[in-house]
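J.: structure for this input, please:
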Amino acid sequence: MLIAVIGDQWIERGSAVGKRRIDDSRDQLRVELEVALSRNIPVIPVLVRKASVPTEEELPPSLKSLAYGNGIQVRPDPDFSGDMDRLIKGIEPHLTSAPLWAEPNEQLLSEVADRYRRSGSLEFHAEAVLPR
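T.: From the prediction side, this is the model:
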């Protein structure tokens, strides 16, 4: 299971070169999401600072399925404890019934690994999920 904490500027936040981080195929957060989705690992969007789940149009093709996940709002006090309790109750069934490894989407996983091998950065991520 991957818990994706999404803030109110997650989609808009840019890099030093002026493009959105989510559009950078080497962005670490994007890669972690792509690997989880490619391996059919449940992704739970946790929404903070009044964020909402991104729409399909806001996401790169490899992350479009994230737009259809139910996000859970986690607000500051006095709601924080109640929101966290709801999150924990929502996660518990996945922890007791989920298989340790789901069947991976080999094509997407291979594409992500190839991008990293070509870029030479963070290659250890690809090696951790793909046998050579």
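J.: biggest helix in the protein, by residue count?
T.: helix 80-97 (DSSP state H).
J.: tell me which residues of that one come out buried.
T.: 83, 87 (16 or more other Cβ atoms under 10 Å). Using the backbone N, CA and C atoms, a C-beta is placed for each residue, glycine as well.
J.: ok, and what's touching it?
T.: Helix 80-97 is contacted by residues 1, 3, 42, 44, 46, 72-75 when judged by Cβ atoms under 8 Å, 6 or more residues apart in numbering.
J.: what helix or strand is the residue most central in space within the chain on?
T.: Residue closest to the average C-alpha location in the chain (Cα atoms, centre = their mean): Leu33, at 3.1 Å. Assigned by DSSP states H and E, Leu33 belongs to helix 28-38.
J.: ranges for the strands of the protein?
T.: Along the chain, the segments classed as strands by DSSP state E run 2-6, 43-47, 72-73.
J.: where does the chain dip in pLDDT?
T.: Scanning the chain for pLDDT under 70 picks out the ranges 15-16, 97-105, 109, 116-132.
J.: tell me what the helix holding Leu33 is packed against?
T.: Under the contact definition 3 or more Cβ pairs under 8 Å, 6 or more residues apart in numbering; DSSP states H and E, helix 28-38 sits against strand 2-6, strand 43-47, helix 106-119, helix 123-129.
J.: what is the neighbour count of Val53?
T.: Using other Cβ atoms under 10 Å, Val53 has 17 neighbouring residues.
J.: I figured it hits Ile11, correct?
T.: No. Using Cβ atoms under 8 Å, Val53 makes no contact with Ile11, being 10.3 Å away.
J.: now the contacts of helix 80-97 in JSON lines, with distance to Lys89 and neighbour count?
T.: Converted to JSON lines, the contacts of helix 80-97 look like this (distance: Cβ to Cβ, whole Å; neighbours: other Cβ atoms under 10 Å):
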{"residue": "Met1", "distance to Lys89": "14", "neighbour count": "11"}
{"residue": "Ile3", "distance to Lys89": "14", "neighbour count": "12"}
{"residue": "Pro42", "distance to Lys89": "15", "neighbour count": "14"}
{"residue": "Ile44", "distance to Lys89": "12", "neighbour count": "17"}
{"residue": "Val46", "distance to Lys89": "14", "neighbour count": "17"}
{"residue": "Ile72", "distance to Lys89": "10", "neighbour count": "17"}
{"residue": "Gln73", "distance to Lys89": "14", "neighbour count": "16"}
{"residue": "Val74", "distance to Lys89": "13", "neighbour count": "18"}
{"residue": "Arg75", "distance to Lys89": "16", "neighbour count": "14"}
